[in-house]
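# sequence first, then the predicted structure, then my questions.
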Amino acid sequence: MGGQAKAKKRSKSKKKDSSGGSGHALLSPQEKMKAKMQEKAKKKTAEKYTVDQLLEKTEECMDNFDFPMAKMFCQRALDIEPTNLTILDTLGNICAELGDMDKAKHISLPIARCDVAAERLKCVLSRRT
């Protein structure tokens, strides 16, 4: 009978490992809990605050030189609107202020490319009129 109980335990542990599917199988239990809490916080933020309110809080924190808190508000705004160029630009500036130049470049370079493409488009359109 003892062998049967072990077989059941093994099948249960296999189910736990295969049920993740979303990349959580490689995370420690603490990391899984942290990710789950962050997801809950994102949902709460999206329900409570608009992007404009989050950007306002971001600006307020930046004015008070509280860049870590500004980054948090800006990141929450980005979670709600991931393609908003204003948010991306602000986050790039905050990362630069915090000394994270690699992340600042990673965020700001695509924005700069969009700006260049927009300027080229304006030139082409202005020539046609």
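Arrived safely, thanks for sending.
# can you tell me the element Phe73 falls in?
helix 67-80 (DSSP states H and E).
# how about that helix as PDB, C-alpha atoms only?
Only the C-alpha atoms of helix 67-80 are listed here, as PDB (Å, rounded to 0.1, in the frame of the first residue of the first chain):
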ATOM      1  CA  PHE A  67      12.400  59.500  -9.200                       C
ATOM      2  CA  PRO A  68      11.900  56.000  -7.900                       C
ATOM      3  CA  MET A  69       8.300  56.800  -7.100                       C
ATOM      4  CA  ALA A  70       7.900  58.700 -10.400                       C
ATOM      5  CA  LYS A  71       9.100  55.600 -12.200                       C
ATOM      6  CA  MET A  72       6.500  53.400 -10.400                       C
ATOM      7  CA  PHE A  73       3.600  55.800 -11.400                       C
ATOM      8  CA  CYS A  74       4.900  56.000 -14.900                       C
ATOM      9  CA  GLN A  75       5.200  52.200 -15.200                       C
ATOM     10  CA  ARG A  76       1.600  51.800 -14.000                       C
ATOM     11  CA  ALA A  77       0.500  54.300 -16.700                       C
ATOM     12  CA  LEU A  78       2.500  52.300 -19.200                       C
ATOM     13  CA  ASP A  79       0.800  49.100 -18.100                       C
ATOM     14  CA  ILE A  80      -2.500  50.700 -19.000                       C
END
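# got the angle for the one helix or strand Leu88 maps to vs helix 67-80?
If you go by DSSP H and E, Leu88 is part of helix 85-97. Orientation check (axes from the mean of the first three to the mean of the last three Cα atoms, to 10 degrees): helix 85-97 against helix 67-80 gives 150 degrees.
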